[in-house]
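Engineer: Just to be clear, the model below is a prediction. Sequence and coordinates:
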Amino acid sequence: MKRFPNLVLAVLVALALALGALQGYRVRNLREADAFYRWLVTASTQLRVFGTITPELEGEEAEKFMDRDLFDRVVAKADQALPDTPVMEGDTDDATGAPYPKLVRYTRTLSTGSLTETEESGTVAVAANPEQVKKDAEVWRFARSASLAPERADFVRFRRDKRLATAGTQIGVADIYKNQEAPVSIGQMFLGFRKLAAGLIWIQVDEAFHKGEMQRMVPLMRTTVLLDPNFVDAYLIGAWHLAYNLTVQMSDTPGYLKEYVPEFGAWVGNKERAYYAAVNFLKDGIRNNPRDYRLYFDLGYAVYAEKLNDHMNAVTYLSEATKQRHESWVRRMLYHSLQATGQFEEARAGWEDYLRANPGHAVAQRMIPTNTALTKERDAEALGTQAKKLLTQAGQARADGQEAQAADMERQAQELQKQRDALQAEARTIYTDLNATTADGDEFAQARLWRMQALELHEQGRTLEALALLRQARMEVARFFQEASDLIIQMCIEADLPLNVSERKRLLEIERIKEAWAANPVEIAGRRFDFDTSQDAWRQAGYANQETIALTPAAKDLAALRKDRPVIDQFIGLGDNVVFELDGQWYEFRRKSLLGNT
């Protein structure tokens, strides 16, 4: 050895390089397997929540991406490789009635019911399900298995070529170098310091925020999560910057100047574009981190519910948040959004379950009777509408000389009115008790009482008294302002009474929006929609008073249809009343319920 010191050194160097190469190969394979595993969970979650793994893609755009083809191949192998698992509640596709594929059932987070545990922070969280841990391990072994080697290789190739819509962000490494603000070098990228580089860039994001340099923040945020797709806080704070800080100085775009963007399923101005940038940023985070409840929660509550007032989508994402391991308050926001969409029975059931898990919880104790009263109020108004329709038909029958038929219709109407009055009395009793038993009074209950009283006064012909009551109520209860204002305008028009300045301004704004809609048809997925000013409704071209199936935000049929045909979200985003056709069947969507819920 002493005679050949250089040879020994060369051998040691060669051995070190070989071991380094072997270790690098193993690390690369582990990273690829981990990314592949996350993609399987993400795609399975997309399929379960939306009915398709690429809900945003339609038509020619969808042909470029390979998600569905690759996922179908993996699903076929999973059916053979994964151990059998029973079909449990939540494992069935609402749209088809068939069980989800085995892989989707394995990746679904299993509920732990009402079990809770206290974490170090002192907050209460839903406990992890041991059975889910076992299933996750099975899927991880399956993702790394030799049988999936071809699919893993295709996954890596498709992701590199930006042909996977569900694999997180579609920006590439080249985009980093186009961004001159990003303090990241080629050395940092390729010597394995991606997370460190992401952290350095995130410091730049924070500095840009405190300097008020919002224009610098977006490209820096995108670069951060590209380097570290599991940096969940970057997604959360980045979306908060987009939806809140970026828009705080923006003025609202008048409704008649907004543009309809089918991709968003909404009419948008500058503010709304920032909100949907936050939506897409959080969705990107979900694709990369499908088991983190915070991403679903912030998307559902902080953006959809609070900023966009879109409680249908809020329910979708908040429901998914509760299926992950989450903190106990997450479910409360879901129940509020269920109530906002008119799903009072579901909201009440949720609050009852929450109260069983958290005895004595003051909000739950108040919200259970609130949703009971809302259910009765909704049913009472539906009965009142039926009674009015019967009385109108009775008047027509009497004019045609059909006295007996008219009398029978009037008797039916009277019976319906009695049932309506009984339900209204029950609802009024609940609201009165809530208002009396809450320390400082219950604002919501008081607003509902004022609303019921105003409607009764209007029906009795005492519209001026009803208007005075509503004008007082909307000033005392802020959350009742918009609903009271809409009722005031409606009552004034029906009674041919003058509006005040603010109400005339609101009515003029509505008329300008309708004029703009009527003058500009909208094209969605190859279909033309026109606004019918006489009916205040968007109608798909070809509609000629065919029979329709009624849909509301609270209808389970709508939830199933949205999963089966995601393009529906682009249709119903047009307005509060939209008529459209799918597979030969016509549907009429009405966003506003009798109670004004959306």
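Structural biologist: On my side now, so go ahead.
Engineer: Now do the most centrally placed residue in the chain against R331, distance only.
Structural biologist: Most central in the chain under Cα atoms, centre = their mean is N313, positioned 2.1 Å from the mean C-alpha point. Note on N313: its distance to R331, by Cβ to Cβ, to the nearest Å, is 17 Å. The C-beta positions use only the backbone N, C-alpha and C, and glycine is treated the same way.
Engineer: what do you get for T224?
Structural biologist: Separation of T224 from R331 (Cβ to Cβ) stands at 31 Å.
Engineer: which one of the two has more residues nearby?
Structural biologist: For the pair T224 and R331, the greater number of neighbours falls to T224 (26 against 23), based on other Cβ atoms under 10 Å.
Engineer: check contacts around the more buried one.
Structural biologist: Contacts of T224 were listed using Cβ atoms under 8 Å, 6 or more residues apart in numbering, and they are A198, I201, W202, V205, F231, A234, G238.
Engineer: What residues sit buried inside the host helix or strand of the first one?
Structural biologist: Put plainly, it is A198. Using DSSP states H and E, A198 sits within helix 194-210. Under the neighbour-count criterion of 16 or more other Cβ atoms under 10 Å, helix 194-210 has R194, A197, A198, L200, I201, W202, Q204, V205, A208, F209 buried.
Engineer: can you give me the angle the helix or strand just after that helix makes with helix 194-210?
Structural biologist: Next in sequence after helix 194-210, counting helices and strands by DSSP H and E, comes helix 214-227. Here the directions of helix 214-227 and helix 194-210 differ by 170 degrees (axes from the mean of the first three to the mean of the last three Cα atoms, to 10 degrees).
Engineer: quick one: the strands in this structure?
Structural biologist: 116-118, 124-126, 259-261, 266-268, 522-524, 527-532, 537-540, 548-551, 577-582, 585-590 (DSSP state E).
Engineer: Can you report how many residues neighbour the nearest residue to R528 once chain neighbours are set aside?
Structural biologist: Leaving aside its chain neighbours, R528 sits nearest to A541 (4.2 Å; criterion: Cβ to Cβ, 6 or more residues apart in numbering). A total of 11 residues lie near A541 under the criterion other Cβ under 10 Å.
Engineer: give the contact list for A541.
Structural biologist: For A541, the contact set (Cβ under 8 Å, 6+ apart) comprises R527, R528, F529, D530.
Engineer: if we can go back for a sec, using a markdown table, lay out the contacts of T224 together with pLDDT and distance to P262.
Structural biologist: Putting the contacts of T224 into a markdown table (pLDDT from 0 to 100; distance: Cβ to Cβ, whole Å) gives the following:
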| residue | pLDDT | distance to P262 |
| --- | --- | --- |
| A198 | 74 | 33 |
| I201 | 76 | 33 |
| W202 | 75 | 33 |
| V205 | 79 | 31 |
| F231 | 88 | 31 |
| A234 | 90 | 29 |
| G238 | 91 | 25 |
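Engineer: nearest to S145, of those residues?
Structural biologist: Distance ranking of the contacts of T224 against S145, using Cβ to Cβ, places F231 first at 28.9 Å.
Engineer: And for that closest one, the neighbour number?
Structural biologist: Count around F231 with other Cβ under 10 Å applied: 22.
Engineer: List just the one of the strands of the chain that sits closest to A478.
Structural biologist: Closest among these, using Cβ to Cβ: strand 266-268, at 24.4 Å.
Engineer: what is the mean pLDDT for that closest one?
Structural biologist: In this model, strand 266-268 carries a mean pLDDT of 96.
Engineer: Buried by neighbour count: which residues of it qualify?
Structural biologist: Buried residues in strand 266-268 (16+ other Cβ under 10 Å): A266, W267, V268.
Engineer: which residues are in contact with that strand?
Structural biologist: T253, G255, K258, E259, Y260, V261, E272, Y276, L308, D310, G573.
Engineer: would you turn those residues into CSV with distance to M409, neighbour count and pLDDT?
Structural biologist: Rendered in CSV, the data for the contacts of strand 266-268 read as follows (distance: Cβ to Cβ, whole Å; neighbours: other Cβ atoms under 10 Å; pLDDT from 0 to 100):
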residue, distance to M409, neighbour count, pLDDT
T253, 48, 16, 93
G255, 41, 15, 93
K258, 45, 18, 96
E259, 48, 14, 96
Y260, 43, 20, 97
V261, 47, 15, 95
E272, 47, 21, 95
Y276, 50, 21, 96
L308, 44, 20, 96
D310, 41, 25, 95
G573, 39, 23, 95
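Engineer: Could you dump these into TSV and include distance to G97?
Structural biologist: Output for the contacts of strand 266-268, formatted as TSV (distance: Cβ to Cβ, whole Å):
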residue	distance to G97
T253	43
G255	40
K258	39
E259	39
Y260	34
V261	33
E272	36
Y276	33
L308	32
D310	28
G573	27
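Engineer: Y100: which of the residues you listed is nearest?
Structural biologist: If you rank those by distance to Y100 using Cβ to Cβ, D310 comes first, at 26.2 Å.
Engineer: Give me the spatial nearest neighbour of that closest one, chain neighbours excluded.
Structural biologist: Counting by Cβ to Cβ, 6+ apart, D310 lies nearest to Y304, which is 4.6 Å off, once chain neighbours are set aside.
Engineer: Confirm for me that that neighbour is in contact with Y317.
Structural biologist: Yes - if you go by Cβ atoms under 8 Å, Y304 and Y317 touch, sitting 6.6 Å apart.
Engineer: Counting neighbours, what do you get for the residue lying closest to M312 once chain neighbours are set aside?
Structural biologist: Counting by Cβ to Cβ, 6+ apart, P553 is the residue found nearest to M312 once chain neighbours are left out, at 5.1 Å. By other Cβ under 10 Å, 22 other residues sit near P553.
Engineer: Same check on D576?
Structural biologist: D576 has 13 neighbouring residues, counting by other Cβ under 10 Å.
Engineer: got a list of what the spatially closest residue to it that is not a sequence neighbour touches?
Structural biologist: In this structure, D576 finds its nearest non-sequential neighbour in R591, 4.2 Å apart by Cβ to Cβ, 6+ apart. Taking Cβ under 8 Å, 6+ apart, we find R591 in contact with T552, P553, I572, G575, D576, N577, T598.
Engineer: Just the buried residues of those.
Structural biologist: The neighbour count (16+ other Cβ under 10 Å) marks T552, P553, I572, G575, N577 as buried among the contacts of R591.
Engineer: Across the sheet, point out what pairs with the residue lying closest to the third one once chain neighbours are set aside.
Structural biologist: Of all residues not flanking I572 in the chain, F589 sits nearest, at 4.7 Å (Cβ to Cβ, 6+ apart). When bridges are assigned using DSSP bridges, the partners listed for F589 are L551, V578.
Engineer: How about the contacts made by F589?
Structural biologist: L551, T552, L558, F571, I572, N577, V578, V579, F580.
Engineer: Turn those residues into CSV, columns for distance to E138.
Structural biologist: As requested, the contacts of F589 are exported to CSV (distance: Cβ to Cβ, whole Å):
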residue, distance to E138
L551, 39
T552, 41
L558, 35
F571, 40
I572, 39
N577, 48
V578, 44
V579, 47
F580, 42
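Engineer: Report the lowest-confidence entry in the residues you listed.
Structural biologist: Ranked by pLDDT, these bottom out at L558, which scores 89.
Engineer: From R73, how far out is the residue nearest to D84 when sequence neighbours are not counted?
Structural biologist: Once flanking residues are discounted, D84 sits nearest to K102: 7.7 Å by Cβ to Cβ, 6+ apart. According to Cβ to Cβ, K102 and R73 sit 14 Å apart.
Engineer: which of these two has more neighbours?
Structural biologist: K102 (19 against 15).
Engineer: wait, doesn't that one sit right on V87?
Structural biologist: No - between K102 and V87 there is no contact under Cβ under 8 Å: 9.6 Å.
Engineer: what bits of the stretch 151-300 of the chain have low per-residue confidence?
Structural biologist: 167-197 (pLDDT under 70).
Engineer: Show me where it has its helices.
Structural biologist: 173-178, 186-190, 194-210, 214-227, 232-240, 270-288, 293-297 (DSSP state H, counting those that start in this stretch).
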